[in-house]
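Undergrad: Sequence first, then the predicted structure, then my questions.
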Amino acid sequence: MPAIETEGLAREFEGGIKAVDGVDLEVSAGEIYGFLGPNGAGKTTTVRMLTTLLLPTAGRALVAGHDVATDAAAVRRKIGVALQEAALDPLMTGRELIQLQATLHGLPRSRGRELGDALLHRVGLTLAADRRVGTYSGGMRRRLDLAAALVPEPEVLFLDEPTTGLDPVSRQAIWEEVQKLNAEGTTVFLTTQYLEEADKLADRVGIISAGLLVAEGTPASLKAEIGRPHLELSLADEAGPVERCDEILARFGKPLPSKDGILMVELEHGAAEVGPIVRALDEAGLAVESLELVRPTLDDVFVAKTGQHLEGSEETDETEAVPP
Amino acid sequence: MGRRSLRAPIVRSDVETVRALVRRAMNEITRVPGAAIPGVLAPTIFFLGLTAVFGNLTLLPGFDSSSYQSFLVPVSLMQGAAFTGAATGVNLARDIEQGWFDRLLSSPAPRPVLLAGLVLSASLRALIPAFFLLIVAFAIGAHWPGLLGLGIALVIVMGMGVVAATWGTSLALRFRTQSAAPLMQVGMLLAVLMTTAYAPLELLTGWLQEVARINPVTQVVEAARQGFVGSVTWGETWPGFVALAGLAALFTFTALRGMRRMTL
Amino acid sequence: MIARLAADTRVVAALGTRSVKQTVRRPQLAAPLLIFPTALLAIQTGGAGRAVDLPEFPPVESFLAFMLAGAMVQSVLLAGNSGGIALALDMEMGFTDRLFAAPISRFGVVLGRLAGTAMLGAVMALWFIAIGLVFGVSFQEGIVGVLWVVVLVSATALAFGGIGAAIALRTGRASVVQGLFPLIFVILFLSNAFFPINLLLEPAHSVAEYNPLSFIVEGIREPIVGSFSATAQLKAIASVLGLGALGIVLSAAALRGRARRGS
């Protein structure tokens, strides 16, 4: 049974705004599924529907085998949720929050205490456990949010932009934790606007743009679909016989038009061919000055599917910070 | 729905949830220095001001009490409860705006249990300004209502707290923004004032007399007022309780409906 | 110098218009200013209206006629407080820094906000006058009386606005100015805004006799329920000027303090 299954999932808001316009996806149990897209693409709306905070206006979705619309209570028992706005109360301590979450899930107080110790230790917040959340840094709040999401030992964990706004160290810590959780069998549905995050963490990626799923697959297969990696190199001896070089390169892949003296060749089989190319050029007396293996990125995939770049393509309202 | 099919109607975990939410609500007072003071002082300040300003109304023939303090105390008690309850609504609006409420909504805790947690804290907190007010009122000569009268008044204070909290909660769920706060506060305040708050029914003029006659909150005011201005009778008490129960039921319905609509 | 004055006037006008627009566009701020005093007026008239039957009650056409002045003063007090809150919010947002850094006199900036409050005062006066007319109040001093009421109320709004602004400038925090809300009612209770002085109980009675607010209320009330008397009007004008001066002095001191602290 898939952990998450949606069929024509859609959400329309007042004014005919289709935040999510018919999404079909399937997440297998034990997978990390990365939902990638720019701001405003519909990621958060999708997550809110899957976590029963919002009803779909069309289509259906099953999470952990239960319908989010008709069997929401059952869904809530099996999921852990860490949303974009770390839903924390600044007046509570970290430990109190974990205990409250445990109570909300119907767990007895003793269990709540146990979980408090265990989960806070797991996310590295033991020392801060009895301090008020209002004193926590951004990274600490996200970690606490993650700990709270783990309280019900969920089958499916939903993380909505878990590392947005965090420094690289905190981000790395969250990534490691997600991987550990997944290794223990938790299915993770993660939304992000960072391709590195999707690339690194996700088993499969779904790319969403303007409410529609425009691409889905493993990061590697998506990138392969778009193109193969190419090698960019420049020769030490500028005056060297370029045609000779082209001839050699052509043996390994398809030469691409050069640019500013940089020769490019699309590789058939990826990085494994770099060594042989360099040796071949060397044997021909052509010294390589610089060499770079350029792989297609998920951004390239995004551009190919939507015509726009992923990162930096936020729907921002460029209003001045002047009060009305 | 399969939610409760194998469990008793009220489960221990529900009680725990309510308790945890009440404890959290208390943090607003216990962990924010000085936060409680305006809510506690305001009803008393208004009480003192109104008795000093309108005290001589008792000179009017037909005023069935010679002490305006005694006459006004129940009104101020209810105002205190009204503000406390409205504050619950304001806090909920803030919690919704800041995403905290999502945590509660995405958990398996049933909606009525969440509401009970929010509202019960209000009814308990309403007793705080009430006690302060009573001390001051007795100090300036309000009539001692007897234990029964006092008990009834305090029960009404708690009931009013529930009514105001469910009202505030309904508005918070409807508007989902803290700027609805004035509506929560003013709405309750007007409901309490458009009664026999300032004077007995016969002495109210024009439109106010008509409104006070049909306003259910008037029954509540009269029930709370009994001991302070005269003797306590069941006949004066039950209409107030019924009115409170009815209002609480009405706003509980709108609040629960509001919670359901959060996902629509 | 003239050019400078002209520029300042334009700034004051622009800022004044902005502050009025702000109030209109944020109804949740406007509600306490008009709706609340109006509702309270209606309730208190209905609830305590029989007081006119009391022998010691001064001769008036109706309790409503008596109460109008108090309702107006309550509104402008709230408007002054609200203006102070808006100024404090501007400060918290950094908007005033932008203004202060521009080549306009700082005092002109504050005056701009006050101009808005004064305009609001005029609107409030007209609102309650309209209510009075609708509900049968005849203004004893006629058109002259009505105009004088509008002038006096606007001036009072300006004065209270100045005090509200002074507090905002001094503390820079909207929450502090907001916290003064109950204090407004205390001052009103300790005056003749809602009931004649001679019928107030202690300690309100004694305080009200010397409360400048009482003089202002009396000055507004006279043309509505009776006829002008020089003493009452002079006392009212003196009180408004006095409060206005207090507001100016406190504001100037707070501005100087800010300039010195570099904030």
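TA: That came through, no problem.

Undergrad: Tell me the residues of the stretch 101-250 of chain C that contact chain B?
TA: C:179, C:182, C:185-186, C:188-190, C:194-195, C:199-205 (C-beta under 8 Å from any C-beta of the partner chain). Glycine gets a C-beta too; all of them are placed from N, C-alpha and C.

Undergrad: Which pair of the residues you listed spans the longest distance?
TA: Greatest spacing in those, by C-beta to C-beta: C:Gly179 and C:Leu199 (31.0 Å).

Undergrad: More neighbours: which of the two?
TA: Counting neighbours by other C-beta atoms under 10 Å in any protein chain shown for C:Gly179 and for C:Leu199 shows that C:Leu199 has the greater number, 20 against 14.

Undergrad: what about burial for the residues of the stretch 101-250 of chain C next to chain B, which qualify?
TA: C:Phe185, C:Leu188, C:Phe189, C:Leu190, C:Phe194, C:Phe195, C:Leu199, C:Leu200, C:Ala204, C:His205 (16 or more other C-beta atoms under 10 Å in any protein chain shown).

Undergrad: can you give me phi and psi for the second one?
TA: This means C:Leu188. Torsion angles at C:Leu188 (phi, psi; degrees, to the nearest 10) stand at phi -70, psi -40.

Undergrad: Repeat that for the fourth one.
TA: C:Leu190 adopts backbone torsions of phi -90, psi 30, taken as degrees, to the nearest 10.

Undergrad: Would you mind listing where the stretch 1-150 of chain C has pLDDT under the threshold?
TA: Applying pLDDT under 70 to the stretch 1-150 of chain C flags residues C:1-2, C:4, C:23-24, C:26-32.

Undergrad: what's the burial count for the residue of it at minimum distance from chain A?
TA: In the stretch 1-150 of chain C, the residue that lies nearest chain A is C:Phe95 (5.4 Å; C-beta to the nearest C-beta). A count of nearby residues for C:Phe95, using other C-beta under 10 Å, gives 15.

Undergrad: Relative to A:Leu36, how far out is it?
TA: 38 Å (C-beta to C-beta, to the nearest Å).

Undergrad: Then A:Ser28?
TA: For A:Ser28 relative to A:Leu36 (C-beta to C-beta), the value is 18 Å.

Undergrad: So for those two, which residue has more residues nearby?
TA: A:Leu36 (29 against 14).

Undergrad: so what's the more buried one up against?
TA: By C-beta atoms under 8 Å, 6 or more residues apart in numbering or on different chains, the contact set of A:Leu36 is A:191-193, A:195, A:198, A:202, A:205-208, A:298, A:302, A:310.

Undergrad: and it, backbone torsions?
TA: A:Leu36 adopts backbone torsions of phi -110, psi 140, taken as degrees, to the nearest 10.

Undergrad: Also B:Ala142?
TA: Here is the backbone geometry of B:Ala142 (degrees, to the nearest 10): phi -70, psi 150.

Undergrad: And for it, the neighbour number?
TA: Neighbourhood size, B:Ala142 [other C-beta under 10 Å]: 22.

Undergrad: was I right about it contacting B:Val73?
TA: Yes: at 5.2 Å, B:Ala142 counts as touching B:Val73 under the criterion of C-beta atoms under 8 Å.

Undergrad: Go through the contacts of A:Leu36 and flag which are in strands.
TA: Judged by DSSP state E, strands contain the following of those: A:Thr191, A:Thr192, A:Val205, A:Gly206, A:Ile207, A:Ile208.

Undergrad: mind listing what the fourth one touches?
TA: Meaning A:Gly206. A:Leu25, A:Tyr33, A:Gly34, A:Phe35, A:Leu36, A:Leu213, A:Ala215, A:Glu216.

Undergrad: Ok, B:Ala223 next?
TA: Contacts of B:Ala223 (C-beta under 8 Å, 6+ apart): B:Ile152, B:Ile156, B:Glu236, B:Thr237, B:Trp238, B:Pro239, B:Gly240, B:Phe241.

Undergrad: Filter those residues down to the buried ones and hand me the ChimeraX line.
TA: Buried subset of the contacts of B:Ala223, written as a ChimeraX selection, criterion 16+ other C-beta under 10 Å:
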select /B:152,156,236,237,240,241
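
Undergrad: got the contacts of B:Ala223 as TSV, with distance to chain C, pLDDT and secondary structure columns?
TA: Compiled in TSV, the contacts of B:Ala223 are given as follows (distance: C-beta to the nearest C-beta, whole Å; pLDDT from 0 to 100; DSSP: H, G, I helix; E, B strand; the rest coil):
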residue	distance to chain C	pLDDT	secondary structure
B:Ile152	23	95	helix
B:Ile156	20	96	helix
B:Glu236	20	89	helix
B:Thr237	24	93	helix
B:Trp238	25	94	helix
B:Pro239	21	94	helix
B:Gly240	19	94	helix
B:Phe241	24	96	helix
